[in-house]
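K.L.:
Have a look at this prediction, sequence included:
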Amino acid sequence: RTDVAMSILAGTFFSDRGSMEGKLAVVTGAASGIGLEFSRRCLLSFGMHVVMADVDEVALEREVERVNGSSRRGTNGWAIAVPTDVRVRADFVQLLEVAQRTSPSGCVDVCLLNAGVLGAGVHVLKGNEADWRWVLDVNLFGVLHGLQVLTPAIARQTRPGLIAVTASDRGLDIGGSPGCTASYATSKHGVIGMCESLEGELTAKKLGGQIQLSVMCPGLVASSLWDAARAEEQRSGSEKRNITAKERQRQFMENLGTSVSDTIDTFIEGVARGQFICEAVRGQAQESFGRRAEYILGGTMPSAQRMSML
């Protein structure tokens with residue numbers, strides 16, 4: 001079954017520039033990090049049109065202008081900005097309407113639900129309900145909203161589409177390891193479970209030939225995810241936290257992590273092969289899941305196999 005399922009749409013997406021040129025991508029969390037690099041790659045390397053969405057309107061407009069400036073030198077693709085708060089389902093309805101209206105074919109060919117926050121320091125014993133709800137609203141319900149709005153539309157359109165979701169290797173590994181906030185790990189385990197469930201629903205509805213579902217599971221990436229202060233700025237004034245003490249950790253993580261460019265390279269390769277779980281570093285997903293499986297199968301405590309990120 002696995003070989004058959006992988007072969008249905010393998011090669012349809014990102015196998016070469018010709019297969020993607022002129023098609024349309026929707027990317028959330030597109031003003032920085034993985035979302036920005038993926039948007040750039042879609043436009044500059046594959047000649048696609050990109051609807052870039054982010055809650056940070058100022059940064060989004062700036063990056064869209066930069067991407068379009070670069071595109072004038074070598075591609076006919078374009079990017080547009082759609083301010084979007086993934087916590088609000090109505091924002092996704094608007095995002096879909098803009099995408100369909102501006103797409104040359106009326107189709108959404110690629111969607112990357114990428115928006116996410118680290119929620120630095122939000123642990124089980126340290127983190128109030130507002131902090132937990134913020135992380136889960138962005139990381140988990142933000143994906144749910146996108147899937148519920150975009151999947152039916154792609155299922156009805158005249159050609160196949162790719163739905164990709166940014167999870168994390170923290171969703172495959174032992175939850176809440178030292179250096180990894182518990183709320184973040186919880187949300188990413190939930191995202192992977194949600195996508196596994198959706199894959200089953202698509203299969204039952206015989207939509208495997210219309211929708212390819214891929215889940216990106218990056219590990220430590222040198223991206224703006226670690227800029228917790230920037231993320232806090234998107235919260236309401238009463239909920240913002242003072243996290244200036246995390247600056248040293250942010251610099252450490254950004255210096256240690258895999259480059260965003262390499263992350264997207266590996267992800268695109270996985271998508272082109274039709275993989276469900278797509279890595280940022282080859283073999284990392286298996287290694288992460290192996291630690292989790294080993295303590296479960298061995299009947300031991302999680303800490304027997306837990307690896308610290310720091």
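P.N.:
On my side now, so go ahead.
K.L.:
Surely residue 137 and residue 88 touch.
P.N.:
No - the pair residue 137 / residue 88 is not scored as a contact, 9.4 Å apart, by Cβ atoms under 8 Å. Placement of C-beta: from N, CA and C, glycine included.
K.L.:
pLDDT weak spots in this protein?
P.N.:
1-8, 72-75, 178-179, 221-257, 308-310 (pLDDT under 70).
K.L.:
now the helices for it?
P.N.:
For the chain, helices defined by DSSP state H occupy the ranges 2-9, 33-44, 57-71, 89-102, 129-136, 142-156, 182-204, 228-232, 247-256, 260-272, 284-298.
K.L.:
hey, which of these is tucked in deepest?
P.N.:
Highest mean neighbour count among those (mean count of other Cβ atoms under 10 Å): helix 33-44, with a mean of 24.
K.L.:
Any idea how far that one is from the middle of the chain?
P.N.:
The chain centroid and the centroid of helix 33-44 are separated by 12 Å under Cα atoms, centre = their mean, to the nearest Å.
K.L.:
circling back to that earlier point, neighbour count winner among residue 137 and residue 88?
P.N.:
The residue with more neighbours, out of residue 137 and residue 88, is residue 137; 18 against 15, by other Cβ atoms under 10 Å.
K.L.:
That one and residue 55: what is the separation?
P.N.:
Using Cβ to Cβ, to the nearest Å, one gets 11 Å for the distance from residue 137 to residue 55.
K.L.:
go on, residue 182?
P.N.:
23 Å.
K.L.:
now residue 13, nearest residue through space, not along the chain?
P.N.:
Of all residues not flanking residue 13 in the chain, residue 162 sits nearest, at 4.6 Å (Cβ to Cβ, 6 or more residues apart in numbering).
K.L.:
tally of neighbours for the one you found?
P.N.:
Counted with other Cβ under 10 Å, residue 162 comes out at 23.
K.L.:
what sits against it?
P.N.:
By Cβ atoms under 8 Å, 6 or more residues apart in numbering, the contact set of residue 162 is 9, 12, 13, 109, 110, 111, 211, 212, 214, 271.
K.L.:
out of those, which one sits closest to residue 288?
P.N.:
The shortest approach to residue 288 among these belongs to residue 214, at 17.1 Å (Cβ to Cβ).
K.L.:
okay, now that closest one: neighbour count?
P.N.:
23.
K.L.:
For it, name its beta-bridge partners.
P.N.:
residue 164 (DSSP bridges).
K.L.:
Looks like it contacts residue 271 (just checking).
P.N.:
Yes - assessed by Cβ under 8 Å, residue 214 is found in contact with residue 271 at 5.1 Å.
K.L.:
okay, and the common contacts of the two?
P.N.:
With Cβ under 8 Å, 6+ apart, residue 214 and residue 271 have common neighbours 162, 164, 278.
K.L.:
any chance of these in JSON lines, with distance to residue 65 too?
P.N.:
Below are these laid out as JSON lines (distance: Cβ to Cβ, whole Å):
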{"residue": "162", "distance to residue 65": "26"}
{"residue": "164", "distance to residue 65": "25"}
{"residue": "278", "distance to residue 65": "29"}
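K.L.:
Which one of the residues you listed is nearest to residue 292?
P.N.:
Using Cβ to Cβ, the shared contacts of residue 214 and residue 271 come closest to residue 292 at residue 278, 18.3 Å.
K.L.:
Tell me who's in contact with the nearest residue to that closest one once chain neighbours are set aside.
P.N.:
Setting aside the residues directly before and after it, residue 278 is nearest to residue 270 in space (Cβ to Cβ, 6+ apart), at 3.2 Å. Neighbouring residues of residue 270 by Cβ under 8 Å, 6+ apart: 214, 216, 277, 278, 279.
K.L.:
distance of residue 270 from residue 198?
P.N.:
Distance from residue 270 to residue 198, counting by Cβ to Cβ: 18 Å.
K.L.:
From residue 207, how far off is residue 56?
P.N.:
34 Å.
K.L.:
What of residue 116?
P.N.:
Plainly put, residue 116 is 26 Å away from residue 207 if you go by Cβ to Cβ.
K.L.:
Please say which of the two ends up with more neighbours.
P.N.:
Taking other Cβ under 10 Å, residue 116 and residue 207 do not tie; residue 116 has more neighbours (28 against 16).
K.L.:
Now the more buried one. Its backbone dihedrals?
P.N.:
Residue 116 adopts backbone torsions of phi -170, psi 160, taken as degrees, to the nearest 10.
K.L.:
I'd say it and residue 29 touch.
P.N.:
Yes - between residue 116 and residue 29 there is a contact under Cβ under 8 Å: 6.3 Å.
K.L.:
Which neighbours do these two have in common?
P.N.:
Residues touching both residue 116 and residue 29 by Cβ under 8 Å, 6+ apart: residue 166.
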